[in-house]
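K.L.:
I'd like to go over a predicted model; first the sequence, then the structure.
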Amino acid sequence: MSERTEQSTGLRFTIDTDLCVGHGRCYTLAAQWFDCDDVGYAEIRDAVIGDDERAHAEDVAAACPEGAISLR
């Protein structure tokens, strides 16, 4: 078993799957960071959010009606 480590810094999204109900605002507003599964629930693309994108990322997270999206 091997572990993959990343040296990149920056923010990443997390989704609380217990809260997500599949409205789709995240992948509509930010297709570069989100995709959807076969039934419409959000999936995070593997991407690091740069400092220059922070304000937009915060807006996307705030747009989630259930508050299921956060940045870390």
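P.N.:
That came in fine, so what should we check first?
K.L.:
what comes into contact with the helix ranked longest in the chain?
P.N.:
Ranked by residue count under DSSP state H, the longest helix found in the chain is helix 54-62. With C-beta atoms under 8 Å, 6 or more residues apart in numbering as the test, helix 54-62 has contacts from 11, 13, 25-26, 29-30, 33-34, 49, 69-71. The C-beta positions use only the backbone N, C-alpha and C, and glycine is treated the same way.
K.L.:
Need the max-distance pair from the residues you listed.
P.N.:
Leu11 and Arg25 (18.4 Å; C-beta to C-beta).
K.L.:
Quick check, central residue of this structure?
P.N.:
Nearest to the geometric centre of the chain sits Phe13, at 3.8 Å (C-alpha atoms, centre = their mean).
K.L.:
residue boundaries of the helices in the protein?
P.N.:
For the chain, the helices defined by DSSP H occupy 25-29, 54-62.
K.L.:
sorry, back to before: contacting residues for the residue nearest to the centre of the chain?
P.N.:
For Phe13, the contact set (C-beta under 8 Å, 6+ apart) comprises 26, 33-34, 44, 49, 57, 60-61, 69-72.
K.L.:
Can I get the residues you listed in CSV including neighbour count, distance to Leu19 and pLDDT?
P.N.:
Compiled in CSV, the contacts of Phe13 are given as follows (neighbours: other C-beta atoms under 10 Å; distance: C-beta to C-beta, whole Å; pLDDT from 0 to 100):
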residue, neighbour count, distance to Leu19, pLDDT
Cys26, 24, 12, 96
Trp33, 22, 18, 97
Phe34, 21, 15, 97
Ile44, 15, 14, 96
Ile49, 19, 20, 94
Ala57, 19, 18, 97
Val60, 22, 15, 97
Ala61, 20, 12, 97
Ile69, 24, 9, 97
Ser70, 13, 10, 96
Leu71, 14, 15, 94
Arg72, 6, 16, 91
